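**Q** Have a look; sequence and predicted model below, questions after that.
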Amino acid sequence: MIFSRILFDLARRNVRLHFLRSLLAAVGIVIGVLAITAMGIMGSTLQLSVSSQLSEGANALVIYPKAVSGDDGGITERQVRDIKLAAGANTVIPIHAGSDRIAVGSTSGYAAIYALDPGDIEDIAEVADGVSLRGGEGALVGPTLASEYDMRVGSRIAVGREDTRIKTVRVVGILEESGFSGTMMTDSGIIVSDTWFTSTYGDSGYDMVQVVVDDINDIDRVKDSIETKMNRREETVTVWDSRAFLDMINEALGNISLFVMAIGGISLIVAAVSIFNVMLMSVSERIKEIGILRSIGVQKHEISLIFLYEAAILGVAGSAVGALVSLIGGYALVSVMFQDTTYFFAPQTLLYAPLGMAIGIIVCVLSGVYPAIRAAKLNPIEALGAE
């Protein structure tokens, strides 16, 4: 133990004697660890933030009519009743969906239009300003669409094209931002009553039916029950589990994070080459010292340890600084980009700091392996005679 401490002190002394060279080598490690850790933290924060928004609709099943050749019909009222029987006590919401040209003042464009029974709206969306739909008149507008068209409660929206009948509807409420609700992107859409929709576009059945499952653990059972009920004789509907969308997004964000971290890892490769060169130079400069150590009985593996200790010192110092800077910088970036640091302090986000340090230290030690072996293999007699 004492002798190992002496070997470590020799390694530390060499780092101190060649401080500037060691500092420049450690800077490469700092940059590499900073790149990997910061990218990991940002990717994890983004993934947690998006997952949190999407998970609000992850307990939903969405049912679409099965496409049949020559039949553009939707889900019928009878099928809705069957779905309600299969869904049990869970909320079933039949929805008309489409899109059309809209105009607000001199601004025009296209928007998604969703229609449902006014009594079902509170199960899908919340009103931030104004009131919810009452009866068949009025419309609720998503916050993104309202901002884009400068709409507020009382604004009027002209719906339709010039070559068709244009209807005007009054905005009675602005929706709370939700991000995702089943398959309805309400933030950039318009919600109207089912009576208004069918009187405008006709009634060819519902475009989808959303089932809000009270207990997310029952979602598979409810899905199987609906599929068994509806597709017993022939496949008439397709049941889509909204968790699949969440899983797909999580997988995509995870892959993007890994790719970005891999790009950041390139800087660690550059740093590894720098450490390798520093260690080779250290071996060349200390040949005579190695010869003296070998002549007094220091073993080959102990000579190797001196240089491995030196590489480890550079790795620990550089990695620690890199991880610290990445935490400080990551916190600042998350504050600016997300305006919320809740997910920054999540365990899976902070885990990237020790992970980045571990990678940096391992890279440094591996870079010192060959120079350490080369030093251990030096002939003691030839080393003592070196100038």
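**A** Arrived safely. Numbers count the residues shown, from 1 in each chain.
**Q** Quick check: can you list the domain ranges of the chain?
**A** Annotated domains of the chain cover 2-54+247-384, 60-212 [automatic domain parsing].
**Q** weakest of these in terms of mean pLDDT?
**A** Lowest mean pLDDT of the domains of the chain: domain 2-54+247-384, a mean of 83.
**Q** Helices along the stretch 201-350 of the chain, start to end?
**A** Applying DSSP state H, counting those that start in this stretch to the stretch 201-350 of the chain gives helices spanning 219-230, 242-285, 287-295, 300-338, 347-350.
**Q** Which strands and helices lie in contact with the second one?
**A** Just to be clear, that refers to helix 242-285. Helices and strands touching helix 242-285, by 3 or more C-beta pairs under 8 Å, 6 or more residues apart in numbering; DSSP states H and E, are helix 19-54, strand 60-65, helix 300-338, helix 352-367, helix 369-376. Any C-beta I mention is one placed from the backbone N, CA and C, and that applies to glycine too.
**Q** which of the helices of the stretch 201-350 of the chain is buried the deepest?
**A** Of all the helices of the stretch 201-350 of the chain, helix 300-338 has the most neighbours on average by mean count of other C-beta atoms under 10 Å, namely a mean of 20.
**Q** Who are the packing partners of it?
**A** Taking 3+ C-beta pairs under 8 Å, 6+ apart as the contact definition, the neighbouring helices and strands of helix 300-338 are helix 2-17, helix 19-54, helix 242-285, helix 287-295, helix 352-367, helix 369-376.
**Q** what's around D150, how many residues?
**A** Counted with other C-beta atoms under 10 Å, residues neighbouring D150 total 10.
**Q** do the same with D129
**A** 15.
**Q** Please name the residues that touch the nearest residue to L333 once chain neighbours are set aside.
**A** Leaving aside its sequence neighbours, L333 sits nearest to M42 (C-beta to C-beta, 6 or more residues apart in numbering; 6.4 Å). Residues counted as contacts of M42 (C-beta atoms under 8 Å, 6 or more residues apart in numbering) are G330, L333, V334, M337.
**Q** Would you format the residues you listed as CSV with distance to S193 included?
**A** Output for the contacts of M42, formatted as CSV (distance: C-beta to C-beta, whole Å):
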residue, distance to S193
G330, 47
L333, 44
V334, 41
M337, 39
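**Q** picking that back up, now for the helices and strands packed on helix 300-338, which one comes closest to S188?
**A** S188 lies closest, by C-beta to C-beta, to one member of those: helix 19-54, at 14.2 Å.
**Q** How far off centre is the longest strand seen in the chain?
**A** Counting residues, the longest strand in the chain under DSSP state E turns out to be strand 91-104. Relative to its parent chain, strand 91-104 has a centroid offset of 29 Å by C-alpha atoms, centre = their mean, to the nearest Å.
**Q** which parts of that strand are buried?
**A** By neighbour count with 16 or more other C-beta atoms under 10 Å, strand 91-104 contains the buried residues V92, I93, P94, I95, H96, A97, D100, I102, A103, V104.
**Q** In CSV: those, plus distance to D220.
**A** Output for those, formatted as CSV (distance: C-beta to C-beta, whole Å):
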residue, distance to D220
V92, 17
I93, 20
P94, 22
I95, 23
H96, 28
A97, 25
D100, 36
I102, 39
A103, 45
V104, 43
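**Q** Apart from its chain neighbours, what residue comes closest to L48?
**A** Per C-beta to C-beta, 6+ apart, closest to L48 is Y343, 4.0 Å.
**Q** which ones are touching D187?
**A** By C-beta under 8 Å, 6+ apart, the neighbours of D187 are G142, P143, T144, L145, L175, E177, S178, G179.
**Q** farthest pair in those residues?
**A** Spanning the widest gap among the contacts of D187 are L145 and G179, at 13.9 Å by C-beta to C-beta.
**Q** In terms of neighbours, single out the busier of the two.
**A** L145 (23 against 15).
**Q** hang on, S147 in a strand?
**A** No - S147: not assigned to a strand; according to DSSP: H, G, I helix; E, B strand; the rest coil it is helix.
**Q** Distance-wise, check it relative to A128.
**A** The gap separating S147 from A128 is 12 Å, by C-beta to C-beta, to the nearest Å.
**Q** do the same with S295
**A** Computed as C-beta to C-beta, the S295 to A128 distance reads 82 Å.
**Q** just D247 next, same as before
**A** Distance from D247 to A128, by C-beta to C-beta: 30 Å.
**Q** Near the residue nearest to L48, how many other residues are there?
**A** 20.
**Q** same check, this time on the one 3 residues further on
**A** Close neighbours of A346, defined as other C-beta under 10 Å, add up to 13.
**Q** partners of the longest strand of the chain in the sheet?
**A** strand 107-116 (antiparallel), strand 156-159 (antiparallel), strand 208-212 (antiparallel) (DSSP bridges).
**Q** what angle do it and helix 219-230 make?
**A** If you take axes from the mean of the first three to the mean of the last three C-alpha atoms, to 10 degrees, strand 91-104 sits at 90 degrees to helix 219-230.
**Q** rewinding a little: rebuild the helices of the stretch 201-350 of the chain as a markdown table, extending it with distance to I63.
**A** A markdown table is the format used below for those (distance: least, C-beta to C-beta, whole Å):
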| stretch | distance to I63 |
| --- | --- |
| helix 219-230 | 7 |
| helix 242-285 | 11 |
| helix 287-295 | 76 |
| helix 300-338 | 34 |
| helix 347-350 | 34 |
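**Q** A372 is nearest to which of the ones you listed?
**A** Smallest distance to A372 across those (C-beta to C-beta): 3.9 Å, for helix 300-338.
**Q** Next, the angle from the closest one to helix 2-17.
**A** 60 degrees.
**Q** if we can go back for a sec, if we take the contacts of M42, which one ends up nearest to G360?
**A** Closest approach between these and G360, by C-beta to C-beta: G330, at 16.0 Å.
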